[in-house]
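> have a look; sequence and predicted model below, questions after that.
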Amino acid sequence: MDVQHALQTARAHLTNGLPRNAQQVLWGLIEHLATPREARAAAFVMLAESYYTRAEQRACYGEALQLMPAHPEALAGINRLSQPPSPNTQTLRPPPPPPSAPRPQLIPYYRVVGISDGPNSAGSGFFISPDGIIATTRHVVAHCTHVTVKLDDAQHVQGTVLWSSPTLDLAFIETPYTVLSLSAHSQTVLVPHQPLTAYAYGQTQQTLAHVPNGLPLGAGWFSTTLTELWDAGGSPIFSAANAIVGMITRNCSRLQPHVYALSIQTILEALRRVQAETAEGLPRRYCPSCGQRPWADMARRLCPCCGASFSEDWLIR
């Protein structure tokens, strides 16, 4: 790829009022493995000029500074964005999105919900936030972008996978509901042999306990007395005080028959990171391959986190 020609072509598109064309050229230059570091930084600086929002511009300048920490134009751009906009400055903005329909309020209390239409059989989940986000396992959703959420036998709704982690075996599913009744989250530390109860969708409750002799998987995990699972995971685990302490996962030890659970504190910390990404205002897309939500323009064909190719369905969502 002729780097200078690509930069000149992108500049010409910007001059002629064709920012989308410029973005396609610049993203192609950035993603090309043979592009030098200096040229990638220059492409990110030019890319900032093609976006409308300050959040997108700041992200472009930040990417340039990661490549070249002393890049003068990127530093000047960050400094300019840190200043409040002039009241007489008119910024060209895209048309506002149409008003969305009001979110239905979910009044009944649901201790556990069902997740189906995934490739690894049905699983369980539970509402983790008032804005209708459900926590379940990555094993339940796998590479899917949409799954069916079953509140009960007569009420089903399509859920959108928001984020997932193969390492944690954790996934968040977005639903159209505002949840008025959430389960409490435990604030206490688990003690050995503490009696606990797990609830799976469509199954009877299972009594278990935290056992300290399981092989450690790292911070945020605890082993249980369960030796087998009845679905693809995602069952909430409750303490005797009826507060959620964790979630059953598909992780297990090959040397010991323990089923491992993810603590509620680890789940909430992951949720806070996802919500912070949403609040920053950048356009983010879900990658079914790695489960992350990278900031990416619609012209990009590859996930910047794992390099997987996005499908056309992903691009038009």
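Structure's in. What do you need?
> what does the domain assignment say about the protein?
3-82, 184-266 (automatic domain parsing).
> residue 122 is nearest to which of those?
domain 184-266 (5.6 Å; CB to CB). In short, each C-beta sits where N, CA and C put it, glycine included.
> how far does that closest one stretch from one end to the other?
Taking CA to CA, to the nearest Å, the first and last residues of domain 184-266 lie 15 Å apart.
> also stretch 294-301?
Start and end residues of stretch 294-301 are separated by 12 Å (CA to CA).
> do stretch 137-152 as well
End to end - CA to CA - stretch 137-152 spans 19 Å.
> turn the domains of the chain into JSON lines, including distance to residue 119, mean neighbour count and mean pLDDT.
Listed next are those as JSON lines, based on distance: least, CB to CB, whole Å; neighbours: other CB atoms under 10 Å; pLDDT from 0 to 100:
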{"stretch": "domain 3-82", "distance to residue 119": "29", "mean neighbour count": "17", "mean pLDDT": "87"}
{"stretch": "domain 184-266", "distance to residue 119": "9", "mean neighbour count": "18", "mean pLDDT": "83"}
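> can I get these in JSON lines with distance to residue 291?
Compiled in JSON lines, the domains of the chain are given as follows (distance: least, CB to CB, whole Å):
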{"stretch": "domain 3-82", "distance to residue 291": "20"}
{"stretch": "domain 184-266", "distance to residue 291": "14"}
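> residue 110: which of those is closest?
domain 184-266 (9.6 Å).
> check the offset of that closest one from the chain's centre.
23 Å (CA atoms, centre = their mean, to the nearest Å).
> spit out the contact partners of residue 106.
Counting by CB atoms under 8 Å, 6 or more residues apart in numbering, residue 106 makes contact with 127, 132, 151, 177, 178, 179, 180, 181.
> measure the second one to residue 117 for me?
Think residue 132. Separation of residue 132 from residue 117 (CB to CB, to the nearest Å): 18 Å.
> same question for residue 109.
Residue 109 is 25 Å from residue 117, by CB to CB.
> so between these two, which is more surrounded?
residue 117 (16 against 11; other CB atoms under 10 Å).
> for that one, report the pLDDT, please.
Note on residue 117: pLDDT of 92.
> apart from its chain neighbours, what residue comes closest to it?
Spatial nearest neighbour of residue 117, excluding adjacent residues (CB to CB, 6 or more residues apart in numbering): residue 148 at 4.6 Å.
> that's a helix at that neighbour, yeah?
No - read with DSSP: H, G, I helix; E, B strand; the rest coil, residue 148 is strand and lies in no helix.
> got the contact list for it?
115, 116, 117, 156, 157, 158, 159.
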